[in-house]
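S.K.: Sequence and computational prediction follow.
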Amino acid sequence: QVHLVESGGGLVQAGGSLRLSCAASGRTFYAMAWFRQAPGKEREFVAAIKWSGGTTYYKDSVKGRFTVSRDNAKNTMYLQMNSLKLEDTAVYYCAAVTYSLGRYDDPNKFGSWGQGTQVTVSS
């Protein structure tokens, strides 16, 4: 099991920026991802990164606005969110998987999850 702790959420005006962090500890992992869940909606994929090599994946609606990165030395993943929109409001979760997946947008494939951090974008 990988232990994950998110931080960095908050309230921001539309068009603003936030950076989320996810610190990992425990066993080694193959990839990490960000998911989000808005009230009354299903949890959805946002971005993912393979820990070795740094290959990244994004939800289409965040491409060009969000950037996922990692710091190997700190075992920490980041999500830089720019040009935030009202529809980005959600609880953001980080997740980790310990083996290779064909795709990284299915939350059911991830075995370790953080507690979530609220991101609220206001008009």
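M.R.: Okay, I see it.
S.K.: which residue is nearest the middle of this structure?
M.R.: What sits nearest the mean C-alpha location of the chain, by Cα atoms, centre = their mean, is Trp34, with 2.0 Å.
S.K.: so what's that residue up against?
M.R.: 20, 22, 45-48, 68, 77, 79, 92-95 (Cβ atoms under 8 Å, 6 or more residues apart in numbering). From N, CA and C alone the C-beta is placed, and that goes for glycine too.
S.K.: what's the answer for Glu44, then?
M.R.: By Cβ under 8 Å, 6+ apart, the neighbours of Glu44 are 35-37, 59.
S.K.: Tell me what it is bridged to.
M.R.: When assigned by DSSP bridges, Glu44 has beta-bridge partners Arg36.
S.K.: Any buried residues in stretch 51-61, and which?
M.R.: 51, 56-59 (16 or more other Cβ atoms under 10 Å).
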